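# One predicted model, sequence on top.
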Amino acid sequence: MANYWFEPTTVSVEVGGRALTLETGRLAKQAAGAVVVTYGETVVLVTAARAKPRPGIDFFPLVVDFVEKTSAAGKIPGGFFKREGRLSDREVLASRFIDRTVRPLFPSSYNDETQIIATVISADAENPADMPAFVGASAALTISEMPFLGPIAAARVARIDGELVVNPTLESMVDVDIDLVVAGSRAALVMVEGTCNQASEADVLAALKFAHEAIIPQIDVQEELQKLVGKEKLEVAEPEDRSALDAEIRTKAEARLGDAVRITAKKERYDAIAAVESEVLDGCVSAYRSEPFTVDTLDAIDQRQSGLARLRGDVKDLLHDLRSELIRKRILDEGTRIDGRKTTDIRQIACEVRSCPRPHGVGLFTRGETQAMVFTTLGGKRDQQTIDTLLARVDKPFYLHYNFPPFSVGEARMQRGPGRREVGHGNLAERALIPVLPDQEEFPYTIRIVSEVLESNGSSSMATVCGGTLSLMDAGVPLAAPVAGIAMGLIEEGDRVAILSDILGDEDHLGDMDFKVAGTREGITALQMDIKIPSVDWKVMEEALEQARAGRLHILECMASETAGDFENFKPRAELSRYAPRVKMLMIKPDRIRDIIGPGGKVIRAIQETTNTKIDVDDSGTVTIFSPDGEALDAAEAMVNELTQEAELDRVYMGKVKRITDFGAFVEIFPGTDGLIHISHLAEGRVERVEDVVSEGDEVLAKCIDIDPTGRIRLSRKEALADAGTAE
């Protein structure tokens with residue numbers, strides 16, 4: 001260690017059998033908070049910084065970036081520029097997880113621009129960097145002057161061979177049937193992301209409790225670091241007393257808003273609410289403008305304009321709070337939701353498959369005012385998605401893309417590339433379907449799913465899961481079981497609790513928990529949970545999981561009855577679409593791969609162009625041929641067999657003499673394979689000269705009489721003629 005004139009501070013705790021070390025005061029000291037987290041040989045530098053507050057901001061401008069530098073793993077980036085570009089999907093997912101967890105832990109009146117950057121500066125092959133990054137983000141905020149209401153922590157929990165493990169190494173993540181990433185405070189969980197292999201609700205709940213126990217020591221060590229180096233927290237101004245304005249708004253709007261929020265149709269409800277709120281806002285603004293005002297200085301004018309802007313903001317906030325209060329109260333008092341449903345009711349469901357003729361598989365799933373059209377496309381190995389991760393380059397044979405166009409919510413705006421929301425929703429749906437997909441050996445296709453959200457009013461990601469199942473089954477993919485998804489909500493006031501099945505967008509916004517669960521009849525395949533209140537009782541969470549299970553089974557039954565009549569017949573199609581590629585797999589010796597590829601790929605390109613097929617060859621000698629045309633598939637298979645066939649003992653071939661020597665003739669029995677006919681095996685009796693019997697270019701019968709361990713082939717013309725009964 002260098003002899004610094006400043007003294008770094010270090011604390012440590014054991015997590016998952018390894019030391020998790022937090023250090024501050026050595027790197028990035030000008031940031032509001034900077035922590036270096038070391039876990040094994042994985043090291044993450046996490047900084048938290050804030051800008052001076054800008055006037056007029058009425059939201060919390062927080063940005064979180066998780067960045068994996070390739071130098072951390074001793075790699076050089078690919079591509080022309082040889083430097084890191086936009087965040088990968090993996091980095092976006094980690095950034096979203098941190099963002100969604102820390103964002104609610106700031107006071108509502110704190111609107112300073114805040115940025116968290118987690119930079120991976122060392123990466124080993126055992127410990128993923130996302131969990132250290134999360135702990136570092138919380139620690140950096142905790143020791144900074146920012147009014148962060150933490151600390152919090154996170155842990156990955158996996159069930160391996162029936163045992164729950166905290167922060168398992170990458171090497172051990174092989175036969176995992178539960179894989180959860182869990183964040184929480186000392187009191188409760190605040191965020192969950194996970195994948196399961198049809199795990200039961202009880203097993204998932206046990207894993208969540210196990211994860212929370214692992215989180216507590218990480219919170220302790222952050223509090224220890226705060227005591228040593230924590231800065232004094234900023235004083236956040238108390239919200240202005242708006243009780244008089246609130247009372248005025250309630251008098252003018254409460255009864256009419258109460259009627260408006262009871263309208264079940266979304267557009268009509270929104271129009272009625274907007275009319276009430278617009279009238280109340282205009283009235284408050286008019287009253288403000290009618291107050292006596294003397295224009296004597298520019299400052300007075302500015303104050304007048306600022307006061308008007310502040311009034312507009314306050315009225316909108318109070319109307320929003322009143323609207324939420326009325327909806328929540330109705331749910332708790334009457335058990336009736338915005339659209340008139342009871343707490344356990346699922347909206348009406350409609351399903352359709354093969355609604356477009358050319359795609360390989362199409363599923364159209366509609367639930368209430370949420371609709372997703374999901375397409376499945378089958379391809380070959382070259383269609384796999386190559387992911388250049390920090391530690392390795394991997395090929396994904398299955399991937400799902402989620403699109404959320406503006407018209408799905410009745411808006412008109414510019415379309416850009418997929419945002420973080422689209423990446424996160426697509427990843428959740430992808431994780432939900434992976435556990436039921438067939439192995440590559442059973443179904444050697446690359447599978448791409450694209451979900452186009454056509455309408456959205458509550459959980460389009462779960463509609464994508466349902467539509468994805470329909471499109472996969474329509475494409476003939478042999479799923480282990482159909483999967484459905486449901487979004488759950490929670491309203492909690494004191495001891496009163498309402499768990500909501502199949503939540504609307506508004507219920508997500510005003511509720512205390514958003515809990516998405518996907519799975520089969522047998523168990524859960526994926527889940528995602530956001531908790532917006534300080535804590536949720538474990539009993540409530542258990543009830544929410546069980547209610548989600550009942551809702552999931554109902555949706556599965558609806559999917560089956562809508563498309564197949566009943567669940568017994570709800571199965572993937574036996575035949576692929578006539579536009580989907582067919583596949584044949586051949587095994588050849590690895591040393592014959594070069595015969596198929598040819599110099600510079602000349603041979604394999606010629607086969608593909610001649611037969612209009614796609615051919616993939618891997619290093620193990622597996623040759624996969626794709627074509628929607630059965631005859632073309634057979635033709636390509638015949639060509640590959642001809643190029644790679646092996647000589648068989650006692651088989652007679654019609655070969656061509658390629659070369660003559662004093663001791664015999666070399667005969668090509670099929671392309672690329674020669675054998676020797678020794679002079680003694682050219683004909684019956686003694687042969688003086690090879691040229692007396694054969695010449696170069698002659699076609700001759702030859703029987704394979706021996707193949708030595710090195711692969712050299714011995715042929716006999718004499719025995720071939722004898723077997724054929726032909727005299728010399």
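Yep, it's here.

# which residues of the stretch 451-600 of the chain fall in helices?
Assigned helices in the stretch 451-600 of the chain, in chain order: 460-475, 505-510, 538-563, 593-597 (criterion: DSSP state H, counting those that start in this stretch).

# got the angle between the first one and helix 538-563?
Think helix 460-475. In terms of direction (axes from the mean of the first three to the mean of the last three Cα atoms, to 10 degrees), helix 460-475 departs from helix 538-563 by 40 degrees.

# Tell me which residues touch the nearest residue to Ala487 once chain neighbours are set aside, please.
By the measure of Cβ to Cβ, 6 or more residues apart in numbering, the closest residue to Ala487 outside its immediate chain neighbours is Ser459, 3.4 Å from it. In this view, the C-beta of every residue, glycine as well, is placed from N, C-alpha and C. By Cβ atoms under 8 Å, 6 or more residues apart in numbering, Ser459 lies in contact with Thr370, Gly485, Ile486, Ala487, Asp502, Ile503, Asp508, Lys516.

# Dump the helices of the stretch 451-600 of the chain to a markdown table, plus mean neighbour count and distance to Ala287.
Listed next are the helices of the stretch 451-600 of the chain as a markdown table, based on neighbours: other Cβ atoms under 10 Å; distance: least, Cβ to Cβ, whole Å:
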| stretch | mean neighbour count | distance to Ala287 |
| --- | --- | --- |
| helix 460-475 | 30 | 41 |
| helix 505-510 | 20 | 28 |
| helix 538-563 | 19 | 44 |
| helix 593-597 | 17 | 82 |
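
# Relative to Leu45, how far out is Gly85?
Going from Gly85 to Leu45 by Cβ to Cβ, to the nearest Å gives 20 Å.

# In terms of packing, which of these two has more residues around it?
Leu45 (24 against 8; other Cβ atoms under 10 Å).

# That one is in what secondary structure piece?
Assigned by DSSP states H and E, Leu45 belongs to strand 42-50.

# Which strands border that strand, and is each parallel or antiparallel?
Sheet pairing here is set by DSSP bridges, and for strand 42-50 it gives strand 33-39 (antiparallel), strand 114-122 (antiparallel).

# In the chain, which residue is most central in space?
Geometric centre of the chain, nearest residue: Asn427, 2.0 Å, by Cα atoms, centre = their mean.

# That one contacts Asp89, correct?
Yes. If you go by Cβ atoms under 8 Å, Asn427 and Asp89 touch, sitting 6.9 Å apart.

# Enumerate the beta-bridge partners assigned to His678.
Here His678, judged by DSSP bridges, has bridge partners Gly664.

# Report pLDDT for Thr622.
Model confidence at Thr622, expressed as pLDDT, equals 88.

# my bad, should have said Asp339
According to the prediction, Asp339 has pLDDT 89.

# Please give me every residue in contact with it.
Neighbour list for Asp339: Thr264, Ala265, Lys266, Arg347, Gly368, Leu504 [criterion: Cβ under 8 Å, 6+ apart].

# are any of these buried, and which?
Buried subset of the contacts of Asp339 (neighbour count, 16 or more other Cβ atoms under 10 Å): Lys266, Arg347, Gly368, Leu504.

# can you point me to the longest helix in this structure?
Criterion DSSP state H: the longest helix present in the chain is helix 298-334.

# Buried by neighbour count: which residues of that helix qualify?
Across helix 298-334, burial judged by 16+ other Cβ under 10 Å covers 304, 311, 314-315, 317-319, 322-323, 326-328, 330-332.

# ditto for stretch 528-541
Residues of stretch 528-541 classed as buried: Gln528, Met529, Asp530, Ile531, Lys532, Val536, Val540, Met541 (neighbour count, 16+ other Cβ under 10 Å).

# where does the spatially closest residue to Ile57 that is not a sequence neighbour land in three-state SS?
Closest residue to Ile57 apart from its sequence neighbours, by Cβ to Cβ, 6+ apart: Asn111 at 4.6 Å. Using DSSP: H, G, I helix; E, B strand; the rest coil, the structure places Asn111 in coil.

# Nice, that's everything, thank you.
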